[in-house]
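Novice: Give me coordinates for this.
(chains A and B)
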Amino acid sequence: GAVVSQHPSWVICKSGTSVKIECRSLDFQATTMFWYRQFPKQSLMLMATSNEGSKATYEQGVEKDKFLINHASLTLSTLTVTSAHPEDSSFYICSARGGGGVTEAFFGQGTRLTVV
Amino acid sequence: QKEVEQNSGPLSVPEGAIASLNCTYSDRGSQSFFWYRQYSGKSPELIMSIYSNGDKEDGRFTAQLNKASQYVSLLIRDSQPSDSATYLCALINTGTASKLTFGTGTRLQVTL
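Specialist: Got it, this is the predicted structure:
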């Protein structure tokens, strides 16, 4: 399958600071990227969908000013958690899909964020 | 009714047996179906995709799709302890901008 690389794998930050997570498609052009959050023992929760060069579409209940998503190129999307709080601590996972009618989506390794 | 339903398990099977994982969905217009495997603390990994009614085999894995009955299943032959994980069923609904909709997953335990 295609390779999606996500960095960092884990990060600890202080409450009130911002954290940026990168998601890169290494061997294909990702026209669409998805950002998920997963709390322990729960299923994936889609936060937003981003298409290259356009604004992200956020799911209901997800604060777009808090979770900034940028999909500036066909191989890179970033998620910035602004003014992080302990309740933002979670496992954040990106996934990417190529264009041309491809429907399969591949996941990055995930980023475990801990806000202290 | 949830869009994608899976039994949360755990489903326990002995090593070498066939594990059968099932998933039902509500949107008849769904076209694309996927099975992902997620180990604890890791991100999901795509195992199989299936788009047409019938069976699709890949190694020890067989995906089965029945659109009339709105279910999709995953069979794992010769189950190994390393297959112990949560298996997520996912699909793309019509009219949802190609978003994947996930079930809550079935936890599989393969015992020695």
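Novice: in chain A, which spans are strands?
Specialist: A:4-7, A:10-13, A:19-25, A:30-38, A:45-51, A:57-58, A:67-73, A:76-81, A:90-98, A:105-107, A:111-115 (DSSP state E).
Novice: can the third one be found next to chain B?
Specialist: No: residues of strand A:19-25 contacting chain B under Cβ under 8 Å from any Cβ of the partner chain: none, with a closest distance of 10.9 Å. Quick note: C-beta positions are derived from backbone N, CA and C, even for glycine.
Novice: And the average pLDDT for that strand is what?
Specialist: Summarised as a single mean, pLDDT over strand A:19-25 is 96.
Novice: centre of the chain versus it, how much separation?
Specialist: 7 Å (Cα atoms, centre = their mean, to the nearest Å).
Novice: now for that strand, which elements pack on it?
Specialist: Contacts defined by 3 or more Cβ pairs under 8 Å, 6 or more residues apart in numbering or on different chains; DSSP states H and E place strand A:19-25 against strand A:4-7, strand A:10-13, strand A:30-38, strand A:76-81, strand A:90-98, strand A:111-115.
Novice: hmm, try it at 10 Å
Specialist: strand A:4-7, strand A:10-13, strand A:30-38, strand A:67-73, strand A:76-81, strand A:90-98, strand A:111-115 (3 or more Cβ pairs under 10 Å, 6 or more residues apart in numbering or on different chains; DSSP states H and E).
Novice: Dump those into TSV; add mean pLDDT and mean neighbour count as well.
Specialist: Converted to TSV, the helices and strands packed on strand A:19-25 look like this (pLDDT from 0 to 100; neighbours: other Cβ atoms under 10 Å in any protein chain shown):
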stretch	mean pLDDT	mean neighbour count
strand A:4-7	96	19
strand A:10-13	97	14
strand A:30-38	93	23
strand A:67-73	92	18
strand A:76-81	96	22
strand A:90-98	94	24
strand A:111-115	97	19
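Novice: and the nearest residue to residue B:71 once chain neighbours are set aside, how far is that from chain A?
Specialist: Excluding its sequence neighbours, the residue lying closest to residue B:71 (Cβ to Cβ, 6 or more residues apart in numbering or on different chains) is residue B:24, at 4.8 Å. Remark: distance between residue B:24 and chain A (Cβ to the nearest Cβ, to the nearest Å) = 16 Å.
Novice: contacting residues for residue B:24?
Specialist: Residues near residue B:24 by Cβ atoms under 10 Å, 6 or more residues apart in numbering or on different chains: B:1-7, B:66, B:69-73, B:89, B:103.
Novice: In strands, which of the residues you listed fall?
Specialist: Short answer: the contacts of residue B:24 in strands (DSSP E) are B:4-5, B:66, B:71-73, B:89.
Novice: Just send the helices and strands packed on strand A:19-25 back as JSON lines, with distance to residue A:50 too.
Specialist: Listed next are the helices and strands packed on strand A:19-25 as JSON lines, based on distance: least, Cβ to Cβ, whole Å:
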{"stretch": "strand A:4-7", "distance to residue A:50": "14"}
{"stretch": "strand A:10-13", "distance to residue A:50": "21"}
{"stretch": "strand A:30-38", "distance to residue A:50": "5"}
{"stretch": "strand A:67-73", "distance to residue A:50": "4"}
{"stretch": "strand A:76-81", "distance to residue A:50": "6"}
{"stretch": "strand A:90-98", "distance to residue A:50": "9"}
{"stretch": "strand A:111-115", "distance to residue A:50": "16"}
